Each structure stands twice: as C-alpha cells, then as structure tokens.
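Participant: Got a sequence here, can you build the structure:
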Amino acid sequence: MSLPSLHSWAPKSESLILYSIALTSYQWWYLTLFALMVALSLVTVLAFPTNLSELNISSYFLVILESLADNELSAWWSFFLALAISFAFSLPVGIIQAITNAQIGLNVLTEFVYGYIQPGRPLALMIFKTYGYITMSQALSFVSDLKFGHYMKVSLTKLLI
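Facilitator: Residues are numbered from 1 along each chain as shown. All right, here's what the predicted structure looks like:
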C-alpha cells in the first residue's frame, strides 16, 4: 500500500484555484496597511507624552537595554516588545480559540511584563497592554470574521477589502 501524495489536498476545482490566487493578490494590501499602522503607532508613542519614553534604570532588564536606547527615544524597544508579544502569541491563542471557541487573555501577561520592566507608570502600562494584547485580540477577531465570511460564501472582493 503506497502513501498518498503530499499534494493530494491541492485544490482541484476552478473556483478554489481562483480563490487561492485572489488571496495571494490581496497580500500587498495587508502588508502595506501593517507597515503604515506600525509607523503611525511608533510616531504616536515617541511624539506624545506617553511615559514610555522615560528610561528607568532600576530594573535589571533596562540595564541591558541602556546601551541601545537614549533617554529621549527609549520607547521604541517597549513598543516593539509589545508587538513581539502580540505576534508570538497570536498563533497559539488562535489555535486554542479555533478549537474551543474560548480566547485566552494575555492582558495579565502584558501587565506583568511591563509592570516588571517599568514599575509605577499606569499610562505606559495601558499603552503597552493596548499594543501587546488588544492588537492580538483584534487580529484574531478579524481572522474569525474572515473565516465566517468564507463559510457564508461571501464574495472575495467584499470579504478581503
């Protein structure tokens, strides 16, 4: 008995082939939108008084980052740390949500991480929580909406734009 081909799952019908081509054609739109929003968020965090921009040397973690950051532009690392947490946990939390329909909250994790790094800054904590947890939550909600639209056979132009 021979094993099935690795590509036996490949789409056979013309509509599925067109669907996969259409999905790849909209990737430039999502990547452009992602780059634009990261740039605007970084400008927002750096330009306004968010309390993310003050360097606190009392934490052990910040002693390591002291050589990388100035006193005025030290918020970039916390912004990218929040995005990294959101990006790293999107797939595991998304898998759990897809299987069980229950989303695990990372809000406590992001609060602990930033509370350890920068104690005593509630505004900065809320901004870090926004970019660390709510970004992941909104992304998973968007993927859930795309999945629902796919099941309801909504046209691609209405679904992807």
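Participant: Please identify which helix or strand holds V38.
Facilitator: helix 27-47 (DSSP states H and E).
Participant: how about that helix: buried residues?
Facilitator: Judged by neighbour count using 16 or more other CB atoms under 10 Å, the buried positions of helix 27-47 are 41-42, 45-46. In this view, the C-beta of every residue, glycine as well, is placed from N, C-alpha and C.
Participant: is it possible to export those residues to a markdown table including pLDDT?
Facilitator: A markdown table is the format used below for the buried residues of helix 27-47 (pLDDT from 0 to 100):
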| residue | pLDDT |
| --- | --- |
| S41 | 89 |
| L42 | 86 |
| V45 | 84 |
| L46 | 80 |
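Participant: gap between the helix holding V38 and the chain center?
Facilitator: 12 Å (CA atoms, centre = their mean, to the nearest Å).
Participant: now swap in stretch 118-134 and tell me
Facilitator: The answer for stretch 118-134 is 15 Å, by CA atoms, centre = their mean.
Participant: All the helices of this structure, in order from the start?
Facilitator: Applying DSSP state H to the chain gives helices spanning 14-25, 27-47, 60-65, 75-100, 107-117, 122-129, 135-151, 156-160.
Participant: which of the ones you listed is buried the deepest?
Facilitator: helix 122-129 (a mean of 18; mean count of other CB atoms under 10 Å).
Participant: Name the residues that touch it?
Facilitator: Contacts with helix 122-129, where a contact means CB atoms under 8 Å, 6 or more residues apart in numbering, come from 45, 50-52, 78, 81-82, 107, 110-111, 113-115, 118.
Participant: how about a cut-off of 10 Å?
Facilitator: 41, 44-45, 48-54, 56, 75, 78-79, 81-82, 85, 106-111, 113-115, 117-119, 121, 132, 134-135 (CB atoms under 10 Å, 6 or more residues apart in numbering).
Participant: before we move on, what about stretch 133-143?
Facilitator: 30, 37, 41, 82-83, 85-91, 93-94, 96-98, 103, 105-111, 126, 129-130.
Participant: re earlier: just give me the closest of the buried residues of helix 27-47 to F148.
Facilitator: Closest approach between these and F148, by CB to CB: S41, at 27.4 Å.
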